[in-house]
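Asks: Dropping the sequence and predicted coords here.
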Amino acid sequence: MSKPGWQSKLSRPISLKTGTKLETLADARAFILDMLPESDQDRSSWQHATELLIDAAERGGSIEATTEQIERALFLQGMWMPK
């Protein structure tokens, strides 16, 4: 089993409507911290995504669950559409 870390890949790449592509846990972290307004970061969908993200990167939590929650949070804000 590989050691968890921020460079771990998401279960699948996530392409946002803006053209931004999230491929790793680090990409998702940077997006949340640098591109998402604080008011959006406070939404429960993003709070849950952040908890899963930290768990996956630092404690070996589920990357699949993290990827799904990030997709869900993006979808709820109209920033991503499933293919």
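Replies: Right, received. Where do you want to start?

Asks: okay, CA-based contacts and neighbour counts for the rest of this
Replies: Noted.

Asks: The helix ranked longest in the chain packs against which elements?
Replies: Counting residues, the longest helix in the chain under DSSP state H turns out to be helix 44-59. Applying 3 or more Cα pairs under 8 Å, 6 or more residues apart in numbering; DSSP states H and E, one finds that helix 44-59 contacts helix 25-30, helix 63-76.

Asks: Identify the residues contacting the least confident helix or strand in the chain by mean pLDDT?
Replies: The least trusted helix or strand in the chain, going by mean pLDDT, DSSP states H and E, turns out to be helix 38-41, with a mean of 95. The contact list for helix 38-41, computed with Cα atoms under 8 Å, 6 or more residues apart in numbering, reads 32, 46-47.

Asks: and if we set it to 7 Å?
Replies: 32, 47 (Cα atoms under 7 Å, 6 or more residues apart in numbering).

Asks: Met79 reaches Lys17, doesn't it?
Replies: Yes. Judged on Cα atoms under 7 Å, Met79 makes contact with Lys17 at a distance of 5.6 Å.

Asks: Could you point out which residue ranges in this protein have low pLDDT?
Replies: Residues of the chain meeting the criterion pLDDT under 70: 1-3.

Asks: top strand in it by residue count?
Replies: strand 9-15 (DSSP state E).

Asks: quick check: angle from that strand to helix 63-76?
Replies: Per axes from the mean of the first three to the mean of the last three Cα atoms, to 10 degrees, the angle that strand 9-15 makes with helix 63-76 is 20 degrees.

Asks: now strand 9-15, how far from the chain's geometric center?
Replies: Relative to the chain's own centre, strand 9-15 is displaced by 9 Å; criterion: Cα atoms, centre = their mean, to the nearest Å.

Asks: ok, back up a step: pull out the buried positions in the longest helix of the chain.
Replies: 45-46, 48-50, 52-57 (16 or more other Cα atoms under 10 Å).

Asks: which among the residues you listed gets closest to Glu68?
Replies: Ala49 (8.7 Å; Cα to Cα).
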